[in-house]
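>>> 3D model of this:
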Amino acid sequence: MRRLIQILLCSLLLLSAAAGAAADDLSRKQRKLLEETQIAYGATIRWGSMDDAIAYLDPQLRKSKPPTEFELNRYAQLRVSSYRERSTAALDGGLVERRVEIGVINQNTQAERTVVVTERWRWDPEAKRWWQSAGLPDLWQGQ
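This next block holds a predicted model:
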């Protein structure tokens with residue numbers, strides 16, 4: 001058992017070192033802005049509304065596929081009970097992928113469930129900010 005724990009800890013250290021090496025392509029300022037943006041986005045999803053979360057979406061995505069009134073009304077029927085980061089990885093092309101576990105309560109049935117969503121963050125050098133380029137979270141997975 002003790003050996004298993006040591007192996008798991010070593011694996012975790014290697015994984016975090018690899019993620020850190022991939023994230024070294026980002027400047028310190030970009031990493032700080034990414035962290036601040038992700039914290040604010042998470043708080044918006046958790047405590048705000050999806051209307052507010054739209055401001056974090058990539059402008060190209062907002063223009064090509066804006067959320068419909070029907071979709072926004074569906075989000076209004078849900079309450080987010082938890083929002084937890086599970087993993088983050090740097091991707092090719094300067095994208096950062098983050099997996100998040102979201103607890104969702106249907107306000108009509110009071111049934112709670114958990115969904116795992118993937119966020120993709122893109123650095124915009126002109127605006128000097130991060131955009132969420134995967135769209136609003138799909139909170140209806142498997143239904």
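>>> CA only for contacts and neighbour counts going forward, please
Will do.
>>> for the chain, which spans come out with low pLDDT?
Low-confidence segments of the chain, defined by pLDDT under 70: 1-24, 142-143.
>>> Could you pull out the strands in it for me?
Applying DSSP state E to the chain gives strands spanning 78-90, 95-106, 112-124, 129-132.
>>> between these, which one is nearest to Glu71?
strand 78-90 (11.5 Å; CA to CA).
>>> Adding mean neighbour count and distance to Glu69, write the strands of the chain out as TSV.
Shown next, in TSV, are the strands of the chain (neighbours: other CA atoms under 10 Å; distance: least, CA to CA, whole Å):
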stretch	mean neighbour count	distance to Glu69
strand 78-90	17	15
strand 95-106	18	18
strand 112-124	18	22
strand 129-132	22	20
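>>> got CSV for those strands, with distance to Ala40 too?
Below are those laid out as CSV (distance: least, CA to CA, whole Å):
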stretch, distance to Ala40
strand 78-90, 12
strand 95-106, 14
strand 112-124, 13
strand 129-132, 12
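>>> which ones are touching Trp47?
Going by CA atoms under 8 Å, 6 or more residues apart in numbering, Trp47 touches Val80.
>>> Once you drop chain neighbours, what's closest to the residue nearest the centre of the chain?
Geometric centre of the chain, nearest residue: Glu119, 3.8 Å, by CA atoms, centre = their mean. Nearest residue to Glu119 in three dimensions, chain neighbours excluded: Arg98, at 5.1 Å (CA to CA, 6 or more residues apart in numbering).
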